[in-house]
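In: Okay, sequence plus prediction incoming.
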Amino acid sequence: MVHPFFLLSNSIIFVKKYLRKKLLQRLTSTDWSFDELALKVYEYQSVHNEVYRRFLLLSGQFKKQVSRIEDIPFLPISFFKNFVVKTGSWEIAPSISFASSGTTGSIPSVHYVRDKAFYLDNARKIFENQYGQLTDYHLLALLPGYLERKNSSLVAMVDDFISKTESPLSGFYLDDFKGLNEVLAQATKSRKTILLGVSFGLLDFAEAYPADLSECIIMETGGMKGRRKEIIREALHDELKRAFNVSEIHSEYGMTELLSQAYSDGDGIFHPGATMRILLREVNDPFSLVPFGKTGLINVIDLANLDSCSFIATDDIGRLVDHQRFEVLGRYDQSDVRGCNLMVSDL
């Protein structure tokens, strides 16, 4: 006779697998409403994500009435530093995870990924929806700092993009500024070309090889990572515009804890991918949203995070331009004021 405990356990596992399968089918189809699917993902993760469920319980939000995406509580991004954040029953593998760079002595965030192919496919769709087919481009990547470490989500994404361009000129450039300069001169003659780089790498290259790259898309991602003095985005863009004779600097917004990205085509206004939505919360009340038109801390709904947590409270300060687009204004460096990090020791 089978013990009732095992029957119950098997039943729970079956339900988890069934729910995930149905949500994934919706997510990978073209027929879904963002708000409706986000609420279904919340129902799934609030029960089957142990870290998120305990956060909701400790914060008194578990029984909260959630009928709109604006009602959903968001998990502080710092929890990815201290816990394995996953939804459902699956074995984590350190080899299939993304880790943040952090600073010396800091604890990195770790995002365990159940399906890397899904991440790359979704990232590709987001990029091509805004920029067109990757086969139309040469993609040259200048990502020192990221390329030198393992498990970078950005490097994994860009490496996939490079392969999908099917161009022999596409590739990574670590410190080979001379080679990069020579390839850029050749690349722009045959295809649309993107030079994607971390901010300090682009500035170093601009100082060493200023050139007329007006036929090229210059795209920055990430900050100075301790390599140079931090400057505001407008100042960074102004320097790069002058050095490369371009009218706009494009930007990519993404992070270790997210599997979706947003892109700016040069005005500092980001267009999120189809699986991403931005809300803004009050600085001193993590469960209250700011009125439209006001600045606040960025909450991200990332439906691609189906197997981790789709509702992330970041430490970025932002402003909504409209109900889809947003602007990133900087980082909030006093995140403990929110109070949510005090619950880390209780989880």
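Out: Everything's here; your move. This one's a predicted model, so the numbers in the text were calculated from it and none came from an experiment. Residues are numbered from 1 along each chain as shown.
In: Which parts of the stretch 201-347 of the chain are strands?
Out: For the stretch 201-347 of the chain, strands defined by DSSP state E, counting those that start in this stretch occupy the ranges 216-221, 250-253, 262-264, 269-272, 276-281, 295-302, 311-320, 326-331.
In: Work out the sheet partners of the longest one and label each with its direction, please.
Out: What that stands for is strand 311-320. For strand 311-320, the paired strands and their directions (DSSP bridges) read strand 75-76 (parallel), strand 295-302 (antiparallel), strand 326-331 (antiparallel).
In: Touching the last one from outside, list them.
Out: The reference is to strand 326-331. Outside strand 326-331, the residues within contact range by C-beta atoms under 8 Å, 6 or more residues apart in numbering are 232-233, 253, 262, 268-270, 272, 278, 295, 298, 315-321. Yep, even glycine has a C-beta here, placed from its N, CA and C like the rest.
In: So among the residues you listed, which ones count as buried?
Out: For the contacts of strand 326-331, burial is judged from neighbour counts taken by 16 or more other C-beta atoms under 10 Å, and it is met by 233, 253, 262, 268-270, 272, 278, 298, 315-321.
In: which among those gets closest to Arg68?
Out: Among the buried ones among the contacts of strand 326-331, Ile278 lies closest to Arg68 (C-beta to C-beta), at 15.2 Å.
In: Bridge partners for the closest one, pull those for me.
Out: Taking DSSP bridges as the rule, Ile278 bridges to Val300.
In: And it, how close does it get to Ser308?
Out: Ile278 sits 18 Å away from Ser308, going by C-beta to C-beta, to the nearest Å.
In: if we can go back for a sec, of all the strands paired with strand 311-320, which lies closest to Asp176?
Out: Of all these, strand 326-331 sits nearest to Asp176, with 30.3 Å by C-beta to C-beta.
In: which parts of that closest one are buried?
Out: Neighbour counts over strand 326-331 (16+ other C-beta under 10 Å) mark Phe326, Glu327, Val328, Leu329 as buried.
In: what would those residues look like in a markdown table with pLDDT and distance to Asp302?
Out: Putting the buried residues of strand 326-331 into a markdown table (pLDDT from 0 to 100; distance: C-beta to C-beta, whole Å) gives the following:
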| residue | pLDDT | distance to Asp302 |
| --- | --- | --- |
| Phe326 | 96 | 14 |
| Glu327 | 95 | 18 |
| Val328 | 93 | 15 |
| Leu329 | 90 | 20 |
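In: which residues in the stretch 51-200 of the chain form helices?
Out: Counting by DSSP state H, counting those that start in this stretch, the stretch 51-200 of the chain has these helices, from start to end: 79-82, 116-131, 153-165, 177-187, 199-208.
In: Can you show me the CA trace of the fourth one as PDB?
Out: Backbone C-alpha positions of helix 177-187 (Å, rounded to 0.1, in the frame of the first residue of the first chain) are rendered in PDB as follows:
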ATOM      1  CA  PHE A 177      41.700  48.500 -29.300                       C
ATOM      2  CA  LYS A 178      43.800  48.500 -32.400                       C
ATOM      3  CA  GLY A 179      42.100  45.500 -33.800                       C
ATOM      4  CA  LEU A 180      38.700  46.800 -32.900                       C
ATOM      5  CA  ASN A 181      39.400  50.100 -34.600                       C
ATOM      6  CA  GLU A 182      40.500  48.300 -37.800                       C
ATOM      7  CA  VAL A 183      37.500  46.000 -37.900                       C
ATOM      8  CA  LEU A 184      35.100  48.900 -37.300                       C
ATOM      9  CA  ALA A 185      36.500  50.700 -40.400                       C
ATOM     10  CA  GLN A 186      35.800  47.500 -42.400                       C
ATOM     11  CA  ALA A 187      32.500  46.500 -40.900                       C
END
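In: so what secondary structure elements neighbour it?
Out: Other helices and strands packing on helix 177-187, by 3 or more C-beta pairs under 8 Å, 6 or more residues apart in numbering; DSSP states H and E, are strand 137-142, strand 192-198, helix 199-208.
In: Let's have these in TSV, adding distance to Glu220 and mean pLDDT.
Out: Shown next, in TSV, are the helices and strands packed on helix 177-187 (distance: least, C-beta to C-beta, whole Å; pLDDT from 0 to 100):
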stretch	distance to Glu220	mean pLDDT
strand 137-142	10	97
strand 192-198	6	96
helix 199-208	5	94
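In: Tell me which of those lies nearest to Glu282.
Out: Between Glu282 and these, the tightest spacing by C-beta to C-beta is seen for helix 199-208, at 29.1 Å.
In: what angle do that closest one and strand 216-221 make?
Out: Orientation check (axes from the mean of the first three to the mean of the last three C-alpha atoms, to 10 degrees): helix 199-208 against strand 216-221 gives 140 degrees.
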